[in-house]
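Undergrad: Provided below are the primary sequence and the corresponding predicted coordinates.
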Amino acid sequence: GANCVAANSPGVQVGTVREPTDSAAGLVSVNLPRDASASGGLFRFSLPQSLLAQAAAGAPVTVTTLTGLPLPAWVRFDAQSQSFVATQPPAGGLPLQLRVSVGGRVVVMTISQAPVQPASPRGVVVDGGAATVGSTQG
């Protein structure tokens, strides 16, 4: 039916950065886990919430890369479940930006993968090298 939206695979994080409006594209970030074995080698994530209602109402869904090309072989859009299905991306395949258009709304989805966490057996917190912002001088 129209409401059988697939749940996201374990570890996949989808976040809306900016909601789409009639005049501006929305931004959505998708973070894939490093290891797809928990979900049978496939990552599945649904359309962003902001687009699901329109898609369910029968608005056509168009998905291309940001530059307007067809999707790479390792990711596809499943119109039946209104979700994306991706296999383990190839080396250099990420980040990938997709342009998702539903009705008159457009969302740019950026698919990336969590960096490998270095093993820290003694519970050492690895500093990400973030610079301190706003340090006052004299």
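TA: Cool, got the structure. Numbers count the residues shown, from 1 in each chain.
Undergrad: If you average pLDDT per helix and strand, which one of this structure comes out bottom?
TA: Using mean pLDDT, DSSP states H and E, the weakest-scoring helix or strand in the chain turns out to be helix 49-56, at a mean of 82.
Undergrad: Using CSV, write down the CA coordinates of that one.
TA: The C-alpha trace of helix 49-56 is given here as CSV (Å, rounded to 0.1, in the frame of the first residue of the first chain):
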residue,chain,number,x,y,z
GLN,A,49,9.9,12.9,6.0
SER,A,50,9.3,16.3,4.3
LEU,A,51,8.8,14.5,1.0
LEU,A,52,7.1,11.3,2.1
ALA,A,53,3.6,12.9,2.4
GLN,A,54,3.7,14.3,-1.1
ALA,A,55,5.1,11.0,-2.5
ALA,A,56,2.3,9.1,-0.7
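Undergrad: downstream neighbour of it in the secondary structure list?
TA: strand 61-65 (DSSP states H and E).
Undergrad: Now do that next one: distance to the chain's middle.
TA: 13 Å (CA atoms, centre = their mean, to the nearest Å).
Undergrad: List the pairing partners of it within its sheet, with orientation.
TA: Applying DSSP bridges to the sheet, strand 61-65 is found paired with strand 96-102 (antiparallel).
Undergrad: Show me which residues of the strand it pairs with are buried.
TA: Going by neighbour count (16 or more other CB atoms under 10 Å), the buried part of strand 96-102 is 96, 98, 99, 100, 101, 102. C-betas here are computed from N, CA, C, even on glycine.
Undergrad: Based on its surroundings, how many neighbours for the residue nearest to the fifth one when sequence neighbours are not counted?
TA: On the basis of CB to CB, 6 or more residues apart in numbering, the spatially nearest residue to residue 101 that is not a chain neighbour turns out to be residue 62, at 4.3 Å. Using other CB atoms under 10 Å, residue 62 has 12 other residues around it.
Undergrad: what's near enough to touch residue 62?
TA: 99, 100, 101, 102 (CB atoms under 8 Å, 6 or more residues apart in numbering).
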